[in-house]
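Undergrad: The amino acid sequence is not available; the structure is as follows:
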Ligand code: AMP
Ligand code: MG
């Protein structure tokens, strides 16, 4: 599509107007621009331009029935995108936007079906990142943006990751430095009762329940139908991922050893890993704090791919707070 991908450094605190206007002009002409959000980098197109949105699917190799999140810069934009904004949505918007919370609502006829994968609902969020917000405002339209990674791969959390996947395939990358959260937004389906979390993220069920009452975790066949993105093996490095129970250093060492003896190049990704591996194993020690872990995990998985690792043995984290989202991504990275 585009012969050259321009990468420009943009100030995350005070985005340079000239750079934002250039990026917005590319979007206005139907091009693709990757930009930072607080969760991961997004690959953006004008959400109201169906042809441009199609190019996102082409660039990512994304299945056409996997809908894309629409990013807005003011809550007022919800009116044009949705046909019904329930009271719960208003409460959540007030408390959590801008922020890593995506709401699934009934769509209005104006939203192209390319964006919603033919569903009658639309996913919307307001990102907490000045570059993203400035770009949406400069375009004057909402921006449709999935995570900026080839379909199935770990999401990009730096401009360098985005360039790895999209050099020569998209028009521009706005480099606003590393992201703050590191995992994609929580996706909450408010189009049915009780509301269901279709994808866990930094905002947890415990955060949501005081405002909207009981929230269920959308798992299994029903969630897959409602959120097509959760059908696919996802967030995966090229290497095979094996999960081991938290703190079980002997199991991690034995698993790594076994793969190494098979002649594989092996890595261990763990928060607690002693000097137990006898063989030549790459070890990445992860932060104890789950928020820090979340920020780094996709970068580590990508780095191990770059090193040509065949097998990655990963210590599970506890499933509380953002650990629920971390484990969701790790389980899907390990799915075969
Ligand atoms: P990504 O944009 O790559 O972060 O993925 C977006 C996620 O939101 C995917 O899992 C999609 O399936 C999900 N999603 C987007 N729109 C909808 C929708 N209208 N209904 C249900 N899930 C959606
Ligand atoms: Mg994605």
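TA: The structure has been received and is ready for your questions. Since this is a predicted model, take the numbers as computed values, not measurements. Ligands and ions are numbered 1, 2, ... in the order given.

Undergrad: Which other helices and strands does the helix or strand encompassing residue 7 contact?
TA: Per DSSP states H and E: residue 7 is located in strand 6-9. Other elements packing on strand 6-9 under the criterion 3 or more CB pairs under 8 Å, 6 or more residues apart in numbering; DSSP states H and E are strand 172-175. Every residue, glycine included, has its C-beta placed from N, CA and C.

Undergrad: on contacts alone, who are the packing partners of the strand it packs on?
TA: Under the contact definition 3+ CB pairs under 8 Å, 6+ apart, strand 172-175 sits against strand 6-9, helix 17-28, strand 33-36, helix 159-166.

Undergrad: Give me whichever of these is most buried.
TA: Across these, averaging neighbours per residue (mean count of other CB atoms under 10 Å) puts strand 33-36 on top, at a mean of 30.

Undergrad: The next helix or strand after that one vs helix 17-28, what angle?
TA: Per DSSP H and E, the first helix or strand lying C-terminal to strand 33-36 is strand 41-46. If you take axes from the mean of the first three to the mean of the last three CA atoms, to 10 degrees, strand 41-46 sits at 60 degrees to helix 17-28.

Undergrad: tell me the angle of strand 41-46 relative to helix 159-166?
TA: Orientation of strand 41-46 against helix 159-166 (the same axes, to 10 degrees) gives an angle of 60 degrees.

Undergrad: what element comes up after strand 41-46 heading to the C-terminus?
TA: Next helix or strand after strand 41-46 toward the C-terminus (DSSP H and E): helix 50-60.

Undergrad: ok, residue 7 touching residue 161?
TA: No: using CB atoms under 8 Å, residue 7 makes no contact with residue 161, being 11.9 Å away.

Undergrad: ok, back up a step: please tabulate the helices and strands packed on strand 172-175 in CSV, including the columns distance to residue 131 and mean pLDDT.
TA: Shown next, in CSV, are the helices and strands packed on strand 172-175 (distance: least, CB to CB, whole Å; pLDDT from 0 to 100):
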stretch, distance to residue 131, mean pLDDT
strand 6-9, 11, 98
helix 17-28, 7, 98
strand 33-36, 6, 98
helix 159-166, 11, 98
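
Undergrad: I'd like the ones you listed laid out as TSV, including distance to residue 68.
TA: Shown next, in TSV, are the helices and strands packed on strand 172-175 (distance: least, CB to CB, whole Å):
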stretch	distance to residue 68
strand 6-9	23
helix 17-28	14
strand 33-36	14
helix 159-166	16
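
Undergrad: Would you reformat the ones you listed as TSV and include distance to ligand 1?
TA: Converted to TSV, the helices and strands packed on strand 172-175 look like this (distance: least, CB to the nearest ligand atom, whole Å):
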stretch	distance to ligand 1
strand 6-9	21
helix 17-28	17
strand 33-36	13
helix 159-166	13
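
Undergrad: Near ligand 1, which residues of the stretch 1-150 of the chain? Just list them.
TA: 66, 67, 68, 69, 104, 116, 119, 121, 122, 123, 146, 147 (CB under 6 Å from any ligand atom).

Undergrad: My guess is the fourth one contacts residue 121. True?
TA: No: contact criterion CB under 8 Å: residue 69 and residue 121 do not qualify, at 11.7 Å.

Undergrad: neighbour-wise, which of those two wins?
TA: Applying other CB atoms under 10 Å to residue 69 and residue 121 shows that residue 69 carries more neighbours, namely 27 against 22.

Undergrad: Not including adjacent chain positions, what is the nearest residue to that one?
TA: Closest residue to residue 69 apart from its sequence neighbours, by CB to CB, 6 or more residues apart in numbering: residue 123 at 4.5 Å.

Undergrad: Just to be sure, that neighbour is in a strand?
TA: Yes: the assignment for residue 123 is a strand, going by DSSP: H, G, I helix; E, B strand; the rest coil.

Undergrad: Per-residue pLDDT of residue 224, please?
TA: What the model reports for residue 224 is a pLDDT of 60.

Undergrad: actually residue 84, sorry about that
TA: 88.

Undergrad: The strand holding residue 7 - which strands sit beside it in the sheet, and in what orientation?
TA: Applying DSSP bridges to the sheet, strand 6-9 is found paired with strand 172-175 (parallel).

Undergrad: what residues does the lengthiest helix in the chain touch?
TA: Criterion DSSP state H: the longest helix present in the chain is helix 290-306. Around helix 290-306, the neighbours that count as contacts under CB atoms under 8 Å, 6 or more residues apart in numbering are 40, 153-158, 161, 164, 178-183, 202, 235-239, 267, 269, 271, 282, 284, 286-287, 312, 317-318, 321-323, 325-326, 329-330, 333.
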